[in-house]
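Asker: no FASTA, just this:
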């Protein structure tokens, strides 16, 4: 039997067929959490399979590591039902659907599971399966990695601590359900409101600095391009909602702005906020944590993108990590481990993959990362020094690039100009004059333009390249220190680095 079962999440099922959903949950082992109906198809199809029969389905591979897949994983493991699984990672099979899939083949009485991470176009070429014994499979996540990778994962998992032992909270950023209103972009003219499409004036006391995903990168010097309206008072470790009267009396400009958007704010999520406090966030979570020293990271990332925040930035989406109060090690020590190639290796083999080779850095994928226990605090000093160096180098790089961008005086930079260090001077001239819509009156004007810009371009390009080279060098030095901390051999390092 070959098939492609329907992909329907239980939330959609319950909203239209509540009784059927209850029946499924009572009848099928696979109906756990926010399950997808394809899990039920897989379970039922196996029950219908003859003793010598085989069944192949193409379906999303998310069940392998997601919470909702625990029931299906348990069923398949208990029945030793999976003969083979071809994992396509972030490769797209269906042109009209953004679904990340695998081909799973079921049969009876399998002693081991054969699996392979492979591109769809390569399945008709010769390849050898990797294998895993069913004794290692159950309801927990199925991290199907080749034997060499599995051995390295097993070794680093021998470390005595996990991220969850060190960090009290790993939390997602502010969710306002009205970002065009709450998020205000800094411009030369003032604060720009997307909701009103105009510059607005709002008192600083009602605002907090905010960064978005594109502002967060490895060891980045955080600079907020936005402010967020923050209608809460932080007192004694708690976030107290401001009253409407308080805002009106203390922040009259801010109150006028909110009143102009009142209809939308009250109507958020089907009128959920049509009540007193209509200007507050729908999900006011972790509001007291933003002011703390913390580590920020991108939620969906290619390689690890963690940085250090000691100024109390708010953030839209993305994640923050706040240490437990009893942990004596410095945030910057952990920052080097989280930004290391070892962390990227761990995420690639335990997290969910998305298009372009990006991986999810969410709480459930970060918390299990193994961490060593230092014999004494002096052991962290070389790591902190490297983190400080990386933060300083990246700050210098950001400032150098920003100074060059300021010289260009463009409202919006093209991608080529953003990556000006990749351009030759003539290529830069062509791109810049195009973006600026400049036309030279004659050859003399063109020559004068080039003379004016060549020194600026060449100097900033050289400085940018030097800083990038030093960052790359320091990054590799940190990796070497991390490998030593985890007692990895040369062979294991080559596996981690994909060599």
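Answerer: Received the coordinates, thanks. Quick caveat, the model's predicted, so the values are computed rather than measured.
Asker: which stretches of the stretch 201-350 of the chain form helices?
Answerer: Assigned helices in the stretch 201-350 of the chain, in chain order: 244-250, 252-260, 262-266, 268-271, 331-338, 341-350 (criterion: DSSP state H, counting those that start in this stretch).
Asker: Buried residues, the fourth one. List them.
Answerer: Spelled out, it's helix 268-271. In terms of neighbour count (16 or more other CB atoms under 10 Å), helix 268-271 has its buried residues at residue 268. Every residue, glycine included, has its C-beta placed from N, CA and C.
Asker: so how far is it from its chain's centroid?
Answerer: 28 Å (CA atoms, centre = their mean, to the nearest Å).
Asker: Same check on stretch 74-88?
Answerer: Computed by CA atoms, centre = their mean, the chain-centroid distance of stretch 74-88 equals 29 Å.
Asker: shift numbering so it begins at 50
Answerer: Yes, from this point I'll number from 50; that puts the last item at stretch 123-137.
Asker: Contacts for that stretch, please.
Answerer: Contacting residues not belonging to stretch 123-137 are listed as 78-79, 91-92, 95, 103, 110, 113, 149-160, 162-169, 172, 178, 183, 186-188, 193 [CB atoms under 8 Å, 6 or more residues apart in numbering].
Asker: do that again at 7 Å, thanks
Answerer: Stretch 123-137 is contacted by residues 78-79, 92, 95, 110, 149-156, 158-159, 162-167, 169, 172, 178, 183, 186-188, 193 when judged by CB atoms under 7 Å, 6 or more residues apart in numbering.
Asker: Ends of it, what's the gap?
Answerer: 22 Å (CA to CA, to the nearest Å).
Asker: What of stretch 281-291?
Answerer: For stretch 281-291, the end-to-end distance is 5 Å (CA to CA).
Asker: cool, and stretch 179-188?
Answerer: Termini of stretch 179-188 sit 20 Å apart (CA to CA).
Asker: looking at the helices of the stretch 250-399 of the chain, which has the lowest confidence?
Answerer: In terms of average pLDDT, helix 317-320 trails the rest of these, at a mean of 90.
Asker: Of the contacts of stretch 123-137, keep whichever come out buried.
Answerer: Listed as buried from these are 78-79, 92, 95, 110, 149-156, 159, 162-167, 183, 186, 188, 193; burial here means 16+ other CB under 10 Å.
Asker: and among the helices of the stretch 250-399 of the chain, the most buried is which?
Answerer: helix 380-387 (a mean of 23; mean count of other CB atoms under 10 Å).
Asker: Looking at the buried ones among the contacts of stretch 123-137, which are in helices?
Answerer: If you go by DSSP state H, these have 92, 95 in helices.
Asker: Return the subset of the buried ones among the contacts of stretch 123-137 lying in strands.
Answerer: Under the assignment DSSP state E, the buried ones among the contacts of stretch 123-137 contribute 149-155, 162-166 to strands.
Asker: what would the residues you listed look like in TSV with distance to residue 318 and pLDDT?
Answerer: Output for these, formatted as TSV (distance: CB to CB, whole Å; pLDDT from 0 to 100):
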residue	distance to residue 318	pLDDT
149	29	87
150	32	91
151	35	93
152	39	95
153	37	96
154	43	96
155	41	96
162	43	96
163	46	95
164	41	94
165	43	93
166	39	91
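Asker: mind putting those residues in a markdown table, distance to residue 241 included?
Answerer: As requested, these are exported to a markdown table (distance: CB to CB, whole Å):
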| residue | distance to residue 241 |
| --- | --- |
| 149 | 37 |
| 150 | 42 |
| 151 | 45 |
| 152 | 49 |
| 153 | 50 |
| 154 | 55 |
| 155 | 56 |
| 162 | 54 |
| 163 | 56 |
| 164 | 51 |
| 165 | 51 |
| 166 | 45 |
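Asker: Out of those, which is nearest to residue 261?
Answerer: Comparing these against residue 261 with CB to CB places residue 149 closest, at 25.1 Å.
Asker: distance between the ends of stretch 365-377?
Answerer: 29 Å.
Asker: should've said stretch 248-264
Answerer: 22 Å.
Asker: Determine the longest strand present in the protein.
Answerer: Longest strand of the chain, by residue count under DSSP E: strand 131-141.
Asker: Need the nearest residue in space to residue 194, chain neighbours excluded.
Answerer: Nearest non-adjacent residue to residue 194, counting by CB to CB, 6 or more residues apart in numbering: residue 398, 4.8 Å away.
Asker: next one: residue 81
Answerer: Closest residue in space to residue 81, ignoring its immediate chain neighbours: residue 120 at 3.3 Å, by CB to CB, 6+ apart.
Asker: again with residue 220
Answerer: The shortest distance from residue 220 to any non-neighbouring residue, by CB to CB, 6+ apart, is to residue 335 (4.2 Å).
Asker: Against residue 68, how distant is the closest residue to residue 54 other than its chain neighbours?
Answerer: Leaving aside its chain neighbours, residue 54 sits nearest to residue 90 (3.7 Å; criterion: CB to CB, 6+ apart). Using CB to CB, to the nearest Å, one gets 19 Å for the distance from residue 90 to residue 68.
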